[in-house]
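Engineer: Using only what follows, build the 3D model:
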Amino acid sequence: MDLSESATVSSLGHRLPATSVISECLRVQAAVPANTPLQRFFGISPLGREAQPWYLGALGELEVARRLEGLGPGWFVLHSVPIGNGSSDLDHVVIGPAGVFTINTKHHRGQNVWVGAKRILVNGQRTDHLRNAAFEGSRTSKLLSGAAQMLVDVTPIIAVVGVRRMTVRERPPVVIVIRDTELVSWLRRHPTTLGPEQVRHIAGIAAQPAAWKREADAEKVDHAAFDRLRISIDRARQRRGLWIGAIVLSIPLAFIAASSALLGMIVSI
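Structural biologist: Next comes the predicted model:
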């Protein structure tokens, strides 16, 4: 899924997944004191509360990016695309035979998602997911159409990651809402709307920061630092699991010991 050979070094095709959210996660996490040896011993997570939403968002984008690798030849994928003059970005932009798509990743692990024509509820709470995804799609269509000097239709997608249960009461008219596990198969089944030359042309333009009204990307993100944070969080979770397992195991053992002692006292009477 590499972009065309004409892409420059500043091409967004070189941008790694979740770059923007990882950058913000690390910025917020930098203010969190390191765990003490005692906290590490008991498996206390090193992740700060304010950094948690950014961390979970990064995990969601990384998971969707991993799945998009399965699209195969003829498809082009851009990740964490900076757009406009602010801090906004597009989680993923996919260009292929089925057309052009913006993918907004939502990490709702273990939660219940309800989808209606005009709203999405997460554990009963209303969200702005549909409005934001629709805006991303229309904005992308306008920018790419201007840069390519041709009409570029864009379909906005919300990819829901890790959801426990997703109920689709009524499908939204503009935005596609789908589980991340179904995303690649849905894209590959979608009817062909673009020829190979059109795909390469749009992909080459989309890879240039100027198409998104942005200067050449100069953001430097320490992805290795995020990997280290992720490893430390996983290790803390594993240690907590060991402690919980030890406590659960100790309960019946303590009960057996107490019962044996009580039985011994009764027999000796």
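Engineer: Buried ones in stretch 153-168, by neighbour count?
Structural biologist: Val154, Thr155, Pro156, Ile157, Ile158, Ala159, Val160, Val161, Gly162, Val163, Met166 (16 or more other Cβ atoms under 10 Å). C-beta coordinates here come from the backbone N, C-alpha and C atoms, glycine included.
Engineer: my read: the second one touches Ile103, true?
Structural biologist: Think Thr155. No. Counting by Cβ atoms under 8 Å, Ile103 is not a contact partner of Thr155; they are 9.7 Å apart.
Engineer: other SSEs contacting the helix or strand Ser185 falls within?
Structural biologist: Following DSSP states H and E, one finds Ser185 within helix 183-189. Here helix 183-189 touches helix 52-68, going by 3 or more Cβ pairs under 8 Å, 6 or more residues apart in numbering; DSSP states H and E.
Engineer: Give me the average confidence score over the helix it packs on.
Structural biologist: The average pLDDT for helix 52-68 rounds to 96.
Engineer: Show the subsequent helix or strand relative to that helix.
Structural biologist: strand 76-82.
Engineer: between that next one and helix 52-68, how many degrees?
Structural biologist: Between strand 76-82 and helix 52-68, the angle formed by their directions is 160 degrees, by axes from the mean of the first three to the mean of the last three Cα atoms, to 10 degrees.
Engineer: And the contacts of stretch 108-122?
Structural biologist: Under the criterion Cβ atoms under 8 Å, 6 or more residues apart in numbering, residues 56, 123-124, 126-127, 129-130, 158, 160-173, 177 lie in contact with stretch 108-122.
Engineer: ok, so of the buried residues of stretch 153-168, who is nearest Ile251?
Structural biologist: Nearest to Ile251 out of the buried residues of stretch 153-168 is Gly162 (Cβ to Cβ; 30.7 Å).
Engineer: so where is the stretch 101-250 of the chain shaky, pLDDT-wise?
Structural biologist: 215-219 (pLDDT under 70).
Engineer: where along it do the helices fall?
Structural biologist: 129-148, 183-189, 196-206, 223-268 (DSSP state H, counting those that start in this stretch).
Engineer: for the first one, packing partners?
Structural biologist: If I follow you right, that is helix 129-148. Packed next to helix 129-148, using 3+ Cβ pairs under 8 Å, 6+ apart, are strand 89-96, strand 99-107, strand 154-161, helix 196-206.
Engineer: mind running it again at 10 Å?
Structural biologist: The contact analysis (3 or more Cβ pairs under 10 Å, 6 or more residues apart in numbering; DSSP states H and E) places helix 129-148 against strand 89-96, strand 99-107, strand 112-115, strand 120-122, strand 154-161, strand 176-179, helix 196-206.
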